[in-house]
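# Give me coordinates for this.
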Amino acid sequence: MYERADRMTYEGVVSLTNRDLVSWRPRPGVQPPIMFEEFMSCEAIVRADPRWQDAMRKRGVTDFSLARSTRGRPAGPGRRTTRRPGASPAR
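Numbers count the residues shown, from 1 in each chain. You can find the predicted model right below:
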């Protein structure tokens, strides 16, 4: 679990049999996977960026609700983690 107020990741182990919290400890320096709220925030930030909007207009996209940003997507099974040859570098 990531506690924003503490800026700390915590690890908990529970017993499903006993319905009990077995252990709970802070994990300094550990970054949990991206949370849904973070992914949605990233998309909103990209859509609000005038540079991104200009780039979309140059490509004929004026209704930004039809475009999707993949900037905040984490790498995972089946996801590319490196650039394609000739692709623009991520900024």
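
# Which stretches in this structure count as helices?
Assigned by DSSP state H, the chain shows helices spanning 36-48, 50-58.

# Enumerate the positions of the first one that are buried.
In terms of neighbour count (16 or more other C-beta atoms under 10 Å), helix 36-48 has its buried residues at 39, 42-43, 46. Bear in mind the C-beta positions are built from the backbone N, C-alpha and C, glycine included.

# Repeat that for the shortest one.
For helix 50-58, the neighbour count (16+ other C-beta under 10 Å) marks 52-53, 56 as buried.

# Map the structural domains onto the sequence of the chain.
Using automatic domain parsing, the domain parsing of the chain gives 1-31, 33-72.

# Now flag whichever of the buried residues of helix 50-58 is closest to Tyr2.
Closest approach between the buried residues of helix 50-58 and Tyr2, by C-beta to C-beta: Trp52, at 27.3 Å.

# thinking again about what came up before, could you identify which of the domains of the chain has the lowest mean pLDDT?
Of all the domains of the chain, the minimum mean pLDDT falls on domain 33-72 (a mean of 83).

# out of the buried residues of helix 36-48, who's nearest Arg68?
Relative to Arg68, and with distances defined as C-beta to C-beta, the nearest of these is Glu43, at 7.5 Å.

# Go ahead and confirm that closest one touches Arg68.
Yes: with contact defined as C-beta atoms under 8 Å, Glu43 and Arg68 form a contacting pair (7.5 Å).

# Adding distance to Glu11, write the helices of the chain out as JSON lines.
Shown next, in JSON lines, are those (distance: least, C-beta to C-beta, whole Å):
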{"stretch": "helix 36-48", "distance to Glu11": "19"}
{"stretch": "helix 50-58", "distance to Glu11": "37"}
